[in-house]
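Undergrad: sequence below, structure please.
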Amino acid sequence: MAEVVKMPKMSDTMTEGVIAKWHKKVGDKVSSGDLIAEVETDKATMDFESYQEGTLLYIGPKEGEAVPIDAVIAVLGEEGEDYQALLSEGGSSKADTDLDKEEAKTEEEPSESDDTDVSTEDINAEVITMPLLSDTMTEGVIAEWHFKVGDTIKSDDVIADVETDKATMEVTAYADGTLLYIGVEKGQAAKVNDIIAIVGEEGTDITPLLKQKPGKKSGSAPKADDTSVKAPVSEQPKEVEAEKQATHDDDARIKASPLARKIAKDKGISLTNVKGTGDGGRIIKKDVESYTPAAQPAAPAAAAVPASEGATTTVNIPQYVGEERYTEKPVTQMRKTISRRLSESFLVPHFYLTIKINMDNVIPARAKINEVAPVKVSFNDLVIKAAAVALKQHPAINASWQGDTIRYNEHVNIGVAVAVDEGLLVPVVRFADGKSLSHISAEVKEFAQRAKAKKLQPADWEGSTFTVSNLGMFGIDEFTAIINAPDSCILAIGGIDQVPVVKDGQIVPGNIMKVTLTCDHRVVDGATGAAFLQTLKSLLEEPVRLLA
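TA: A predicted model of the protein is given here:
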C-alpha cells in the first residue's frame, strides 16, 4: 500500500525545509535507510533518509523549493499503484498546505493516554535520555549516531553527537549491553530528558518503557506553527470588479490549487491568462505570483483638434502598482539565548566612559613584534593584554555583582566577543595577564575558528571576569557595548583613525583609537572606571610595558 513521505522537522526552530537535492527519481527502488534527499533547514543542510520501502511513485517539490513541516514531498508504494487519493488527502504542494492551514482546522489525532500505569521494574534495560548539555539548552538535534540497533556497546562509548544551541557535543552511554532502540533519527530534535535510546539484554521486550514516553518513535515530528503569510488585498476599481465577476465561472473550471485561486482573486488576475506549471498544467502559487499581464493594445489616438476650437488635451498617466513584501525567518536557539541574556543585562544600571588613545607607538611596536613572533599579533591581542594587566591594578573593575555581596576576582579571565553567522559567542582567554602576546593571539584565533565551526564547548565560554568587544576592523569609530553578565564591565574597541593632533604646540598627524568602557554602577563608580582607562591608555601608549 502506498505511503506518503512528509517533510520532517530536522531542527528545533525549523518551520519549513528547502529541497537542496533529490538523490532518487520517480521509478527508483527505495529501501529503509536510503538517502533520498538533502534538505536545507534554518541551521544546516541535512541528509533525509527514508524510513519506508518501495518504489518512488511521486516527487512533489522541485529542487530549490520550500516545503512546510508535515507537507507531502513524495509517495512510496508498489510500482504502478494509484496514489492520487493520497495527494488529495495529504496535500501535494506547499501552496495547498498553506491554504489548508489558513482556511481549515484539522482535528488532532487521538494520542495514547499518558496515564497508563506500566510496570518497568523487571525490565533488564536502561533508558538513555537527551542530556542537559548547556545551561540554556531545552532540546538537542542528533547530529550523528555512532552505533546502530543490535550493536554491543560499553558504558563509556560515545553513542551519538548532539547539536545544542551553542555547540555539537558527545553523548556517552552509561550502560553496558545491546542497543535495542533508537528513538530519534539523525537530524531530528528531542527535548531534554526525552528517550533517545535504550540499552539492555538482546531480546528484551522494551514496549513498557516506550509506553512511558509516548510519541518518541522514530520519524515522528511535531507540526510546525502556522507561519503562512496572507497575500495583501488591494482595493479594485469597479470596472475590474465587474470583469472579475464575468470571469468567475471560467476560472472555476480551470485546474488550479486553492491557494493559487485565492491569490489570483486578491490580485484581480483571471486564471484563464495564467499558464500552469504544476502536474497536468495545474496552476500553483508561484505561477500566479510570477504572472505579468500582457500589454494591452494601445487605444486609438484621439483626433487632433485645433487649439483655436477650445479643445482640451487629455494625458493618460500610467498606474504603477506595487506589492508590499517581507520575509520572516524563525528565531534560532542561539538568537533566543542572546535575546534573553541581553534583556537581563538591561536591568543593570549602565554608564559609559570614552577615552582617546594615541596609537603612534603601538603601530611600529606591533610591526617589530610580528617580525619575531611565532603567530601574527593583532591590535586586538595588544588590547586584551593591556586590559588584563590593567585589571590586576584595578580589582574593582574585575568584579561582579552577587546580590548581597560583590565578588572581586583575583584571576583575570577575559571574554572575547566573536561574531558568527547565527549571532555572537564569547569564548574566554583564561589568566590572560600571565600569557604572552603570542599565546593570546594563538588562543583567540583558535577560538574564532572553533566558534565558526560550532565546536566550542561550555567550558570555553564560561567564567569570564571582563569582556572585550572589537568592531574597529569593520570601520567603526566608536560604540557602546552591553555588559556580558555577570561581568561588571565590557570594553568596546573602535578603529584607529589618522587625525590631526596637537603635539608640542604643533598640529601633526596622529593615530587615535577610541575605547568605551561600559560599567555596572552597582559595582563600579565613575572615578574607578576612569582610573582603569587611564592605566589602559598608558600601557598602550607605551607598549614596551606590556613585555615586562
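
Undergrad: got any ranges where the stretch 151-300 of the chain has weak pLDDT?
TA: Scanning the stretch 151-300 of the chain for pLDDT under 70 picks out the ranges 166, 212-253, 258-259, 279-280, 294-300.

Undergrad: wait, what's in contact with the nearest residue to T172 once chain neighbours are set aside?
TA: Distances taken as CB to CB, 6 or more residues apart in numbering put V158 closest to T172, at 5.5 Å, once the chain neighbours are dropped. C-beta: built from backbone N, CA, C; applies to glycine. Applying CB atoms under 8 Å, 6 or more residues apart in numbering to V158 gives the contacts 146, 170-173.

Undergrad: for V158, phi and psi?
TA: The phi/psi pair for V158 (degrees, to the nearest 10) reads phi -80, psi 110.

Undergrad: on that earlier part again, for the contacts of V158, which one is nearest R282?
TA: H146 (45.1 Å; CB to CB).

Undergrad: from V389, how far out is the closest one?
TA: 45 Å (CB to CB, to the nearest Å).

Undergrad: so A365 lies in a helix, does it not?
TA: Yes: under DSSP: H, G, I helix; E, B strand; the rest coil, A365 sits within a helix.

Undergrad: show me the contacts for it.
TA: 543-544.

Undergrad: and H411, by the same measure?
TA: Contacts of H411 (CB under 8 Å, 6+ apart): 430-431, 465.

Undergrad: equivalent analysis for I153, please.
TA: 147, 159, 173, 176-179, 199.

Undergrad: so what's the backbone phi/psi at it?
TA: Per degrees, to the nearest 10, the backbone of I153 is at phi -130, psi 160.

Undergrad: buried set for stretch 182-191?
TA: Judged by neighbour count (16 or more other CB atoms under 10 Å), stretch 182-191 contains these buried residues: 182-190.

Undergrad: cool, and stretch 268-282?
TA: Buried, per 16+ other CB under 10 Å, within stretch 268-282: 268-271, 274, 276, 278, 282.

Undergrad: on that earlier part again, which of the contacts of I153 count as buried?
TA: Judged by 16+ other CB under 10 Å, buried ones among the contacts of I153: 147, 159, 173, 177-179, 199.

Undergrad: got the residue ranges for the strands in the stretch 101-250 of the chain?
TA: For the stretch 101-250 of the chain, the strands defined by DSSP state E, counting those that start in this stretch occupy 125-129, 139-145, 152-153, 158-163, 168-172, 177-182, 189-191, 195-200.

Undergrad: possible to save the ones you listed as JSON lines with distance to H350?
TA: Below are those laid out as JSON lines (distance: least, CB to CB, whole Å):
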{"stretch": "strand 125-129", "distance to H350": "41"}
{"stretch": "strand 139-145", "distance to H350": "33"}
{"stretch": "strand 152-153", "distance to H350": "51"}
{"stretch": "strand 158-163", "distance to H350": "34"}
{"stretch": "strand 168-172", "distance to H350": "34"}
{"stretch": "strand 177-182", "distance to H350": "49"}
{"stretch": "strand 189-191", "distance to H350": "36"}
{"stretch": "strand 195-200", "distance to H350": "42"}
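
Undergrad: that older thread, specify which member of the buried residues of stretch 268-282 is nearest to N511.
TA: I269 (61.4 Å).

Undergrad: if I look at the closest one, how far off is L491?
TA: 58 Å.

Undergrad: that older thread, who has more neighbours, H146 and V389?
TA: V389 (19 against 14; other CB atoms under 10 Å).

Undergrad: which strand or helix spans that one?
TA: Element membership of V389, judged by DSSP states H and E, is helix 379-393.

Undergrad: again with V508
TA: strand 506-520.

Undergrad: which other helices and strands does the very next helix or strand once past that strand contact?
TA: As assigned by DSSP H and E, the chain's next helix or strand after strand 506-520 is helix 526-541. Applying 3 or more CB pairs under 8 Å, 6 or more residues apart in numbering; DSSP states H and E, one finds that helix 526-541 contacts strand 350-358, helix 379-393, strand 489-503, strand 506-520.

Undergrad: which residue ranges of the stretch 151-300 of the chain form helices?
TA: 207-212, 238-252, 258-267, 285-289 (DSSP state H, counting those that start in this stretch).

Undergrad: circling back to that earlier point, turn the buried ones among the contacts of I153 into JSON lines, columns for distance to D34.
TA: JSON lines is the format used below for the buried ones among the contacts of I153 (distance: CB to CB, whole Å):
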{"residue": "F147", "distance to D34": "20"}
{"residue": "I159", "distance to D34": "23"}
{"residue": "A173", "distance to D34": "27"}
{"residue": "G177", "distance to D34": "29"}
{"residue": "T178", "distance to D34": "25"}
{"residue": "L179", "distance to D34": "21"}
{"residue": "V199", "distance to D34": "26"}
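
Undergrad: nearest to W22 among those residues?
TA: Using CB to CB, the buried ones among the contacts of I153 come closest to W22 at F147, 28.8 Å.

Undergrad: if I look at that closest one, how far off is Y51?
TA: 18 Å.

Undergrad: go on, S257?
TA: Counting by CB to CB - S257 and Y51 are separated by 28 Å.

Undergrad: the two: which is more packed in?
TA: More crowded of S257 and Y51, by other CB under 10 Å: S257, with 25 against 14.

Undergrad: does the more buried one really touch D287, like I thought?
TA: No: between S257 and D287 there is no contact under CB atoms under 8 Å: 9.2 Å.

Undergrad: need the overlap of contacts for those two.
TA: The contact lists of S257 and D287 share G278, where a contact means CB under 8 Å, 6+ apart.

Undergrad: so how far is R430 from F379?
TA: For F379, the distance to R430 - CB to CB - is 21 Å.

Undergrad: actually I19, not the one I typed
TA: I19 sits 45 Å away from R430, taking CB to CB as the criterion.

Undergrad: same drill for those two, tell me which one is more crowded.
TA: Neighbours were counted for I19 and for R430 using other CB under 10 Å; I19 has more, 22 against 17.

Undergrad: for that one, what are its contacts?
TA: 37-40, 61-65, 67, 73.

Undergrad: hang on, the earlier thing: for T152, which of the helices and strands packed on helix 526-541 is the nearest?
TA: helix 379-393 (48.7 Å).

Undergrad: in stretch 399-416, what counts as buried?
TA: Across stretch 399-416, burial judged by 16+ other CB under 10 Å covers 399-401, 409, 412-416.

Undergrad: isn't E478 up against L517?
TA: No: between E478 and L517 there is no contact under CB under 8 Å: 11.6 Å.

Undergrad: looking at these two, which is more packed in?
TA: The neighbour comparison of E478 against L517 (other CB under 10 Å) goes to L517, with 23 against 17.

Undergrad: look up how far L424 lies from that one.
TA: Taking CB to CB, one finds L517 at 19 Å from L424.

Undergrad: repeat that for E462.
TA: On the measure of CB to CB, E462 and L424 end up 15 Å apart.

Undergrad: same deal with A530?
TA: Relative to L424, A530 is positioned 28 Å away (CB to CB).
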